[in-house]
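A.B. asks: Generate a structure from the sequence data that follows.
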Amino acid sequence: MQEHRGPGSLPVTDGEWAGWSVSAGDPFNDHAGPFYHRTAADGTEICGMRVAARHINGGGGLHGGALATFADFCLFVFAGMTGDSDAVTVSLTCDYVGGAALGDRLECRGEVIRQTRSMIFLRGTIMRESDPIMAFSGILKKIRRG
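C.D. replies: Numbering: from 1, shown residues only. Reported below is the predicted structural model:
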């Protein structure tokens, strides 16, 4: 059995996602993704994914669980803006406001709303082109190691 090496990122140097980083080292995200992120010119984080065949539900659209998994990934990217990426999700509220199909490129922007000594409160919006498909909010509990 391979030891879990923890979440991280690898830079992408070519193709559609050149200039982004790809999530690596989280076994579930590695299976469910790939999920990407980059820092925009204004310093905010942007997350992205391309809808693949494994993300499609029986009705032919993007599965809500795949979208929620992407939203959860985004929470951790946005929390990384605070320097506190060692955390667990304690709450994720998702409002599905649109759909996506095979091949669609999704991007997400979000923000840290508030941070306490032990919690991080965040929100974000996932877009397909200029159309919102999910609004979400979440709370992360910081983990103290050692």
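
A.B. asks: CA only for contacts and neighbour counts going forward, please
C.D. replies: OK.

A.B. asks: Any idea what Arg50 is bridged to?
C.D. replies: Arg50 has these beta-bridge partners by DSSP bridges: Arg105.

A.B. asks: how many neighbours does it have?
C.D. replies: Using other Cα atoms under 10 Å, Arg50 has 20 other residues around it.

A.B. asks: which residues are contacting stretch 114-130?
C.D. replies: For stretch 114-130, the surrounding residues in contact (Cα atoms under 8 Å, 6 or more residues apart in numbering) are 71, 74-75, 78-79, 100, 104-113, 132-143.

A.B. asks: So which of the residues you listed are in helices?
C.D. replies: Cross-referencing these against helices under DSSP state H gives Ala71, Cys74, Leu75, Phe78, Ala79.

A.B. asks: Please report which of these has the highest neighbour count.
C.D. replies: Counting by other Cα under 10 Å, top hit in the ones in helices among the contacts of stretch 114-130: Cys74 with 30 neighbours.

A.B. asks: Contacts for the helix or strand bottoming out on mean pLDDT in the chain, please.
C.D. replies: None of the helices or strands of the chain scores lower by mean pLDDT, DSSP states H and E than strand 8-11, at a mean of 88. Contacting residues not belonging to strand 8-11 are listed as Ala18, Gly19, Trp20, Ser21, Val22, Ser23, Ala24, Gly25, Asp26 [Cα under 8 Å, 6+ apart].

A.B. asks: Mark which of those residues are part of strands, please.
C.D. replies: In strands, judged by DSSP state E, the following of those are found: Ser21, Val22, Ser23, Ala24.

A.B. asks: Just the pLDDT for the last one.
C.D. replies: Per-residue confidence (pLDDT) for Ala24: 89.

A.B. asks: so it bridges to which residues?
C.D. replies: Beta-bridge pairing of Ala24 under DSSP bridges involves Gly8.

A.B. asks: Does the nearest residue to Met119 once chain neighbours are set aside have any beta-bridge partners, and if so which?
C.D. replies: Excluding the flanking residues, the one nearest Met119 by Cα to Cα, 6 or more residues apart in numbering is Lys141, at 4.7 Å. On the basis of DSSP bridges, Lys141 is bridged to Val88, Met119.

A.B. asks: Before I go, just wanted to say thanks for your time.
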